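J.: structure for the following, please:
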Amino acid sequence: MTVKVIGLIKLQDNLAFEEYRSQVLQTIEPHGGKILARGAKAETFWNQLNCEEFNEFVEIEFPSETATQQWAHSPEYHALLGVRNKAMKLTLFAVTV
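T.: Residues are numbered from 1 along each chain as shown. Below you'll find the model as predicted:
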């Protein structure tokens, strides 16, 4: 079953964001993942859940829940958390399709 990871991103530091962005794919690919889309949020139509505002998003695809968990908890990804936390505030969640 394919799993997609969606990230809602509120940028805080553009230089740190570029540093993170240049390294994160190296942590995704070993787990069979790929980035499907990245971009800027255009418009919010409804926000009944009162989500915090975000201005960027990412959509990543993994071949399984196991691969998704392995990536999210991998030492390679965790090594990026310092720069990630400087670069952005992030909501990251997985959905099955």
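
J.: please count neighbours and contacts with C-alpha atoms only from this point.
T.: OK.

J.: any idea how many residues pack against residue 46?
T.: If you count neighbours by other CA atoms under 10 Å, residue 46 ends up with 8.

J.: how about residue 86?
T.: 16.

J.: what's the following helix or strand after the helix or strand that it is a member of?
T.: Following DSSP states H and E, one finds residue 86 within helix 81-87. Later in the chain than helix 81-87, the nearest helix or strand by DSSP H and E is strand 88-96.

J.: which strands or helices does that following strand pack on?
T.: Counting contacts by 3 or more CA pairs under 8 Å, 6 or more residues apart in numbering; DSSP states H and E, strand 88-96 packs against strand 3-11.

J.: and residue 23, what element?
T.: Assigned by DSSP H and E, residue 23 falls in helix 14-28.

J.: what's the angle between that helix and strand 88-96?
T.: 30 degrees (axes from the mean of the first three to the mean of the last three CA atoms, to 10 degrees).

J.: list the buried residues for helix 14-28?
T.: Neighbour-count burial for helix 14-28 flags 16, 17, 20, 24, 27, 28 (criterion: 16 or more other CA atoms under 10 Å).

J.: where in the chain is pLDDT low?
T.: For the chain, no stretch is flagged by pLDDT under 70.

J.: start and end of stretch 53-72, how far apart?
T.: Taking CA to CA, to the nearest Å, stretch 53-72 runs 23 Å from one end to the other.

J.: what is the distance between that stretch and the centre of its chain?
T.: Centroid separation for stretch 53-72 versus its chain: 6 Å, with CA atoms, centre = their mean, to the nearest Å.

J.: about what we covered before: make CSV out of the buried residues of helix 14-28 and add distance to residue 96.
T.: Shown next, in CSV, are the buried residues of helix 14-28 (distance: CA to CA, whole Å):
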residue, distance to residue 96
16, 30
17, 27
20, 26
24, 22
27, 21
28, 17
